[in-house]
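**Q** Only the shape, not the letters, is given here:
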């Protein structure tokens, strides 16, 4: 985890400490999500019909293209705080790819 946290800090990127994000849109980006520690799970659901729970060492590549809605939440337990840490890399698509159909790939 330390190299990812250090890189984010050096680049001025935020360290987000919330339980997840309700359904929201993205368009014109590729987003790679890599779960660093996911013993409790990280749930993803999207408007393409995809739904999956990720654990440590797994990744997702999402081409948002012309637009996709998705939500992501940490799996939680009542008896303790969840322990999930992840890293995201966002890539702005070239103008000729911004209207490509959205797609999600599980890596």
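**A** Looks like it arrived, so ask away. Note that the coordinates shown come from a computational prediction; the quantities given were computed from them, not determined experimentally.
**Q** so who does residue 27 touch?
**A** Listed by CB atoms under 8 Å, 6 or more residues apart in numbering, the contact partners of residue 27 are 64, 65, 66, 67, 68, 98. Quick note: C-beta positions are derived from backbone N, CA and C, even for glycine.
**Q** Helix or strand next in line after the helix or strand bottoming out on mean pLDDT in the chain, which one?
**A** Every helix and strand in the chain was compared by mean pLDDT, DSSP states H and E; the lowest is helix 2-10, with a mean of 69. Using DSSP states H and E, the helix or strand that follows helix 2-10 in sequence is strand 20-26.
**Q** and residue 69, how many neighbours does it have?
**A** Counted by other CB atoms under 10 Å, the residues lying close to residue 69 total 14.
**Q** And residue 97, its phi and psi?
**A** Note on residue 97: its backbone torsions stand at phi -110, psi 0 [degrees, to the nearest 10].
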